[in-house]
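*Asks:* Give me coordinates for this.
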Amino acid sequence: MTKPEQRWRPIALMPAFKYAVSTAAETARVQAENMRLAIDQHDVIDRVELARMRVVYEDTQLYIQMCEEQLSRWRGESTTSEQMSALDRLDAIIEQWVDDTESVLDAVNVMLHQP
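*Replies:* Predicted structure coming up:
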């Protein structure tokens, strides 16, 4: 996938941004857990579905990068201590999202290379 065009958001939209990021991160967390359970069950997920998941989670990595860029931009603006705390919480959510996305991709790759 080609990286989508970044559209900078004003910091006033941080609550909506946090909701969207939290929802996506939760989806990745659940999928990572499902993949940990499925990794030893070779016939649970077919190769076509695994390939589709790889594409989806590779695209997710691009969106995560865009979210990280947005947070970096907000940190560069003059922000209040409350906003900085909110950005710290968002950072933690995004870090977990990165880890879970990588876990999904690792599991997909393992499963695709199983006989």
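*Asks:* How is Leu62 assigned, secondary-structure-wise?
*Replies:* At Leu62 the chain is in helix, as set by DSSP: H, G, I helix; E, B strand; the rest coil.
*Asks:* Okay, Glu26 and Pro10: tell me how far apart.
*Replies:* Plainly put, Glu26 is 25 Å away from Pro10 if you go by Cβ to Cβ, to the nearest Å. Every residue, glycine included, has its C-beta placed from N, CA and C.
*Asks:* Neighbour count for the two, which is higher?
*Replies:* Neighbour totals were compared for Glu26 and Pro10, and Glu26 leads with 14 against 8 (other Cβ atoms under 10 Å).
*Asks:* Angles on the backbone of the more buried one, please.
*Replies:* Dihedral pair for Glu26: phi -60, psi -40, per degrees, to the nearest 10.
*Asks:* What is the distance between the longest helix belonging to the chain and the centre of its chain?
*Replies:* Ranked by residue count, the top helix of the chain under DSSP state H comes out as helix 81-112. Offset of helix 81-112 from its chain centre (Cα atoms, centre = their mean, to the nearest Å): 5 Å.
*Asks:* cool, and stretch 19-31?
*Replies:* That offset, for stretch 19-31, works out to 7 Å (Cα atoms, centre = their mean).
*Asks:* List the buried residues in that stretch.
*Replies:* 21-22, 24-25, 28-29, 31 (16 or more other Cβ atoms under 10 Å).
*Asks:* ok, those vs Asp100, which is closest?
*Replies:* Ala28 (4.0 Å; Cβ to Cβ).
*Asks:* Wait, the closest one touches Val104, no?
*Replies:* Yes: counting by Cβ atoms under 8 Å, Val104 is a contact partner of Ala28 at 6.5 Å.
*Asks:* Quick check: buried residues in the strand or helix carrying Glu58?
*Replies:* Assessed by DSSP states H and E, Glu58 sits inside helix 47-76. Residues 50, 53-54, 57, 60, 63-64, 67-68, 70-71, 74 are the ones in helix 47-76 that count as buried (16+ other Cβ under 10 Å).
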